[in-house]
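Chemist: What would the 3D arrangement of this be:
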Amino acid sequence: MLVLGGYSEGKLTIHQLKLIIDELLKKYNYRIMLLGMKKDSKTYKALATAGLKDYLINGCNMFKTKELPYIVDKARLVITPNTSTLHMAILLNKKTLCFNSMMKHLYHSENINYIESSDGISKIKDNEIIKAIQQL
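Modeler: Now for the predicted structure:
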């Protein structure tokens, strides 16, 4: 299982999320759990209706914060713009793609790849996302 957590906070677009999921499915044969708050259920529905339902697990508004370390621990890969999910992934030594470059100066690990844009997460180009996923 791959975990995509905290995506609404970082303002990943639906297009970016679909691209991330499509690229992950090319590289890995795992289901992808989307984590988020109640409002993120709309995002899950949009991705599910875009033909990805069979590959996604809806974890939006399903878990308490104290349960997230267990879920992250079971993941083979964590992708997040959210610092909470990043901290858990680091502590659990998980391979991680992080869209929050503000943390780059704090954590250096061979398990963490950072992707960034000075214009914000929603401005990261498709080819940069694809390249980052291919490097995992």
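Chemist: Hmm, Ala46 is touching His15, no?
Modeler: No. When contacts are counted by CB atoms under 8 Å, Ala46 is not listed as touching His15 (10.3 Å). Heads up, the C-betas are built off the backbone N, CA and C, glycines and all.
Chemist: For the helix or strand bottoming out on mean pLDDT in the chain, which strands pair with it and how are they oriented?
Modeler: Within the chain, no helix or strand scores below strand 2-5, which has a mean of 70 by mean pLDDT, DSSP states H and E. Strand 2-5 has the following sheet partners, assigned by DSSP bridges: strand 32-36 (parallel), strand 77-80 (parallel).
Chemist: Tell me which of these sits most buried.
Modeler: strand 77-80 (a mean of 26; mean count of other CB atoms under 10 Å).
Chemist: After that one, which helix or strand is next? Please name it.
Modeler: Counting by DSSP states H and E, the next helix or strand C-terminal to strand 77-80 is helix 83-91.
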